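K.L.:
The following comprises the amino acid sequence and a computationally predicted model.
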Amino acid sequence: MKTYAQNKKAYFNYSISEEMEAGIVLEGWEVKSIKKASASIKESFVKYQKGELFLVGMHVAKWKQTGKEVQMDEIRDRKLLLSKKEINKLIGGEKREGYSIVPTKVYDNGRGIIKISIGLGKGKKKYDKRAKLKEMDQKKQIDRDLRGDK
């Protein structure tokens with residue numbers, strides 16, 4: 001399982017309570033570009049529209065070898081492939097106050113199929129983020145002290 005893009009800020013800004021695997025509707029050039037690790041989901045989010053979920057803001061770089069006749073939109077909305085039961089579960093969770101559906105990583109499932117991991121996350125407060133940064137700083141300092149670095 002190879003990871004092509006990861007949203008590290010999702011774990012910093014949200015406390016992810018539940019994760020799901022979803023398929024993505026992609027064009028051929030997008031698959032090639034993603035497999036060359038030319039994708040980013042840092043600014044992306046998931047929206048619900050007419051009974052379906054869409055990934056908005058995922059950037060996939062243009063594939064250089066594609067002909068000029070192919071229309072390449074780098075930041076188009078991409079449909080997520082989930083069952084109705086999974087969609088209803090995510091939407092029900094999102095309706096709770098402070099919860100959002102957040103993409104966490106794009107990866108290969110081992111059979112050459114590109115999947116995306118989406119999570120149901122509750123936004124963290126500023127003081128939670130500061131506490132996490134302080135904890136990480138202390139851990140780094142302890143590791144430095146144990147190694148004998150200055």
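P.N.:
Thanks, I have the structure now. Note that the structure is a prediction, hence the values are computed from the model and not measured.
K.L.:
going forward, measure contacts between C-alpha atoms and count neighbours the same way
P.N.:
Noted.
K.L.:
Could I get the full set of strands for the chain?
P.N.:
Shown for the chain, the strands assigned by DSSP state E span residues 3-6, 14-24, 39-40, 45-49, 52-56, 59-60, 78-81, 99-108, 114-123.
K.L.:
Now render those as a markdown table, adding distance to N88, mean pLDDT and mean neighbour count.
P.N.:
Rendered in a markdown table, the data for the strands of the chain read as follows (distance: least, Cα to Cα, whole Å; pLDDT from 0 to 100; neighbours: other Cα atoms under 10 Å):
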| stretch | distance to N88 | mean pLDDT | mean neighbour count |
| --- | --- | --- | --- |
| strand 3-6 | 25 | 89 | 18 |
| strand 14-24 | 13 | 89 | 16 |
| strand 39-40 | 27 | 88 | 20 |
| strand 45-49 | 10 | 89 | 15 |
| strand 52-56 | 10 | 92 | 19 |
| strand 59-60 | 26 | 88 | 21 |
| strand 78-81 | 13 | 92 | 18 |
| strand 99-108 | 12 | 90 | 23 |
| strand 114-123 | 12 | 90 | 21 |
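K.L.:
now the ones you listed as a markdown table including distance to L90?
P.N.:
Compiled in a markdown table, the strands of the chain are given as follows (distance: least, Cα to Cα, whole Å):
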| stretch | distance to L90 |
| --- | --- |
| strand 3-6 | 20 |
| strand 14-24 | 9 |
| strand 39-40 | 23 |
| strand 45-49 | 10 |
| strand 52-56 | 10 |
| strand 59-60 | 23 |
| strand 78-81 | 12 |
| strand 99-108 | 7 |
| strand 114-123 | 7 |
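K.L.:
Which one of those lies nearest to I142?
P.N.:
For the strands of the chain, the distance to I142 is smallest for strand 14-24, at 25.3 Å, taking Cα to Cα.
K.L.:
Partner strands of the closest one, with direction?
P.N.:
Sheet pairing here is set by DSSP bridges, and for strand 14-24 it gives strand 78-81 (antiparallel), strand 114-123 (antiparallel).
K.L.:
Centre of the chain to stretch 128-147, how far?
P.N.:
Relative to its parent chain, stretch 128-147 has a centroid offset of 26 Å by Cα atoms, centre = their mean, to the nearest Å.
K.L.:
go on, stretch 37-48?
P.N.:
In terms of Cα atoms, centre = their mean, the centre of stretch 37-48 is found 6 Å from the chain centre.
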